[in-house]
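Novice: Below are the sequence and a predicted model; questions follow.
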Amino acid sequence: MAALLLEKVSDYLGSPEPAVRLILSILIGYPFALVYRRFLFHQSASVIHLFHTLSGLSLAIFNFGSQVYHSALCIIVQFLFLRLMGRTVTGVLSSFIFQMAYLLTGYYYTATDEYDIKWTMPHCVLTLKLIGLSLDYYDGGKDPSQLSAEQKQGALPSTPSLLEVCGFSYFYGGFLVGPQFTLRNYQSLVSREMTDCPGQVPNSAIPALKRFSLGLVFLAIFAVCGPYYPDSYYLTDEFEAQPFWYRCVFILLWAKVNLYKYVSCWLITEGVCILTGLGYNGRSETGEPQWDACANMRVWMFETTPLFTGTINSFNINTNAWVARHIFKRLKFLGNKMVSQMATLLFLAIWHGLHSGYILCFSMEFIIVNVERQAQGLVKDSPTLTAITNGPFYPLIYVVQQFIHWLFMGYPLVPFCLFTYDKWLKVYSHWCHGKQRATKRRTRKMGFLSPSLLK
């Protein structure tokens, strides 16, 4: 009965059934959070861990059926690593190798040429969570003077129980699409510390409602505009026949709309985290409670920044923070910031999947980010350019910057979304052919005019 109803809803919305299941599962997080606030907030830690485990498992089964065993197996193996190997480098390396190998094996056997919602989607989130758990457990055995401020916040002073690791892993506010958070944060939630009223249910309903409403706005924009900018259009003869300027505008709008599907999911999920209290981030200088601990989006920055780096800093914040903390900064021993950055982006590319499009996307990100930084340095070092950018022409410069910014955002997103080299190479060749055709047209015009100019 439920399957038939879901099929009808999917047909009515024109969306794949797995996508409908995913959205429903994210929304179900709100009733779960209300149950936690109303009935379980003052219960024992074991009861809360059990609730989070069973609720997360129910969502996993609803979406992926019997394939839920993949996450359960990796959680149990990770717990055994903690217990049997302790706070050792061997334990960290074993965790990293096993979790990444399991994820990549899953990619290998389930990957297709299309974007599919399958068990590997939440599993990539879980992989980071479990690797981060092993690193935080390792840091907990070090002398505090050897740890950075970030590492101190995440370091685990004691060994967690299996039920605690399960509750942390399957927490309904982060299991499916993120965000990333540490076991220490989760422990603070369970011990009723993640609240603006110590020991009491947090006053977070209004902040959660705001993020939920904002997420629905972006979801509606994507639902309405998405069909006008499908990925498949890039591979049609119609797209190839379009003039060069049209293709530039299309890729700009396509990139913007395409990212909204991620923005909407993260905002709605953030609302769930805020409602439970996990989003509590202390108080501001003015004494106001802050609820951005699980924010995966800085929406205003994302919509207004004219810089490529600004978009990166406002998008998928917690995953970027995880990678910076556990990969980039731990590669400090290499002694070269650029090499560390390249290694970090390579990790991100492999973590996303085995398709060549991911490698190309993050390679282009590396190039664009560094070129942008050099351009900013040139402007900063030139009094004339600085005066121009801060002068009355700034609004015009801002519009041009935004156009270039989103054009260059869309360009690496093409291989990210089309996956395989035969697809993204065809799209890029369209651009090259388009430029060649435009050049030939200009050449023919000049050839037609040149005899008259010689007379």
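Specialist: Sure, I can see it.

Novice: element containing the closest residue to residue 360 other than its chain neighbours?
Specialist: Nearest residue to residue 360, sequence neighbours excluded (Cβ to Cβ, 6 or more residues apart in numbering): residue 415, at 4.3 Å. No exception for glycine: its C-beta is placed from N, CA and C like everyone else's. Assigned by DSSP states H and E, residue 415 belongs to helix 394-418.

Novice: Can you report the mean pLDDT over the residues of that helix?
Specialist: Average pLDDT, helix 394-418: 91.

Novice: on that earlier part again, how deep is the residue nearest to residue 360 tucked in, by neighbour count?
Specialist: Counted with other Cβ atoms under 10 Å, the neighbours of residue 415 add up to 25.

Novice: Surely residue 273 and residue 172 touch.
Specialist: No - applying Cβ atoms under 8 Å as the test, residue 273 and residue 172 come out as separate, 9.7 Å apart.

Novice: about what we covered before: tell me how far the helix holding residue 415 lies from the chain's centre.
Specialist: In terms of Cα atoms, centre = their mean, to the nearest Å, the centre of helix 394-418 is set 19 Å apart from its chain centre.

Novice: which secondary structure elements does it contact?
Specialist: helix 244-276, helix 308-314, helix 356-381, helix 421-454 (3 or more Cβ pairs under 8 Å, 6 or more residues apart in numbering; DSSP states H and E).

Novice: and the first one, how far out from the chain's middle?
Specialist: What separates the centre of helix 244-276 from the centre of its chain is 11 Å, taken as Cα atoms, centre = their mean.

Novice: How about residues contacting the helix or strand just after it?
Specialist: Elements were assigned by DSSP H and E; along the chain past helix 244-276, the next helix or strand is helix 299-304. Residues outside helix 299-304 that contact it (Cβ atoms under 8 Å, 6 or more residues apart in numbering): 214, 263, 267, 310-311, 313-315.

Novice: How about stretch 232-240?
Specialist: When contacts are defined by Cβ under 8 Å, 6+ apart, stretch 232-240 is touched by residues 247, 250, 414, 418, 423, 426-427, 430, 433-434.

Novice: ok, now stretch 310-323?
Specialist: Stretch 310-323 is contacted from outside by 128, 132, 178-181, 259, 262-263, 266, 294-299, 301-302, 305, 344, 347-348, 365, 369, 405, 409, using Cβ under 8 Å, 6+ apart.

Novice: what residue ranges in the stretch 251-400 of the chain score low on pLDDT?
Specialist: Residue ranges of the stretch 251-400 of the chain with pLDDT under 70: none are present.

Novice: Tell me, how many residues neighbour the closest residue to residue 366 other than its chain neighbours?
Specialist: The shortest distance from residue 366 to any non-neighbouring residue, by Cβ to Cβ, 6+ apart, is to residue 345 (5.4 Å). Using other Cβ under 10 Å as the criterion, residue 345 is surrounded by 21 other residues.

Novice: Check residue 241 too.
Specialist: Summarising burial for residue 241: neighbours were counted as other Cβ under 10 Å, giving 10.

Novice: Need the pLDDT of it.
Specialist: pLDDT recorded at residue 241 is 89.

Novice: any idea how far it lies from residue 233?
Specialist: Relative to residue 233, residue 241 is positioned 12 Å away (Cβ to Cβ, to the nearest Å).

Novice: likewise residue 197?
Specialist: Distance from residue 197 to residue 233, by Cβ to Cβ: 51 Å.
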